[in-house]
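In: give me the fold of what follows.
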Amino acid sequence: MLVQDSIFDQMAAKMVKAYSSIRIGDPLDPNSLVGPLKTKTQVETFKEGVAEAQRQGGKVLYGGTVIEGTEGNYVTPTIIEIDSNAEILQRELFVPILYMIRFSTFEEAVYINNNVPQGLSSSLFTKDLSLYKRWIGPNGSDCGLVNTNIGTSGAEIGGAFGGEKETGGGRESGSDAWKQYMRRSTCTVNYGTTLPLAQGVKFDV
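Out: Residues are numbered from 1 along each chain as shown. Model (predicted):
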């Protein structure tokens with residue numbers, strides 16, 4: 001989560017307040033928002049990830065703990081403020097850790113977004129239409145899903161789903177789905193009575 005430096009502290013406080021309200025519990029309970037991790041190995045990955053982020057200068061703003069005394073692999077969803085150059089950002093841990101990163105300019109934010117080997121989904125929040133156009137353009141996000149003013153889930157009905165870089169290439173569903181059932185051909189027809197030659201070639205006959 002990249003946040004402009006001028007509003008970072010304000011946004012971080014709001015995020016901590018939101019995270020503190022998360023209900024953790026049985027995933028079959030409709031009142032639970034967050035359930036357990038799948039395995040004990042993931043719990044260890046979570047603990048090691050938090051510790052490694054701290055060694056790389058990360059500051060835990062919320063969470064970072066394993067919930068003991070419960071049946072299941074429960075951990076506290078975690079927020080860590082960290083520098084964009086931290087090596088841990090180059091790896092996906094698949095545990096509930098949110099990294100918050102400061103930036104100053106739009107160009108810096110795009111660079112940070114693109115400077116990782118993952119590339120599934122991204123989102124920009126802005127009221128500036130010119131930034132929106134740059135975000136979805138060739139010098140913007142390099143992810144397979146490029147959103148604006150909406151979350152990064154990307155699972156939109158009718159939209160092609162897929163990532164780039166280590167997240168995988170290609171798309172499924174959406175407008176690309178029909179390509180699996182058809183072959184593409186370039187079809188032309190000449191309705192005239194003469195045969196036009198390529199690039200305007202003419203023969204003296």
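In: report the backbone C-alpha coordinates of the host helix or strand of V60 in CSV.
Out: Here V60 sits within strand 59-62, counting by DSSP states H and E. C-alpha atoms of strand 59-62 as CSV (Å, rounded to 0.1, in the frame of the first residue of the first chain):
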residue,chain,number,x,y,z
LYS,A,59,8.0,-0.9,11.9
VAL,A,60,5.0,-2.9,13.0
LEU,A,61,2.0,-0.5,13.3
TYR,A,62,-0.5,-3.1,14.2
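In: which residues sit against it?
Out: 12, 15-16, 19-20, 50, 53-54, 76-82, 100 (C-beta atoms under 8 Å, 6 or more residues apart in numbering). The way it works is simple: take the backbone N, C-alpha and C, and place the C-beta from them, glycine included.
In: can we see that at 10 Å?
Out: Strand 59-62 is touched from outside by 12-13, 15-20, 22, 50, 53-54, 76-82, 97-98, 100, with contacts defined as C-beta atoms under 10 Å, 6 or more residues apart in numbering.
In: tell me which of the residues you listed fall in strands.
Out: Members of the contacts of strand 59-62 lying in strands (criterion: DSSP state E): 78-81, 97-98, 100.
In: quick check on these: which are buried?
Out: 78-81, 97, 100 (16 or more other C-beta atoms under 10 Å).
In: those residues into TSV, with extra columns for distance to N31 and pLDDT?
Out: TSV is the format used below for these (distance: C-beta to C-beta, whole Å; pLDDT from 0 to 100):
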residue	distance to N31	pLDDT
T78	21	98
I79	22	98
I80	27	98
E81	30	98
I97	24	98
M100	27	98
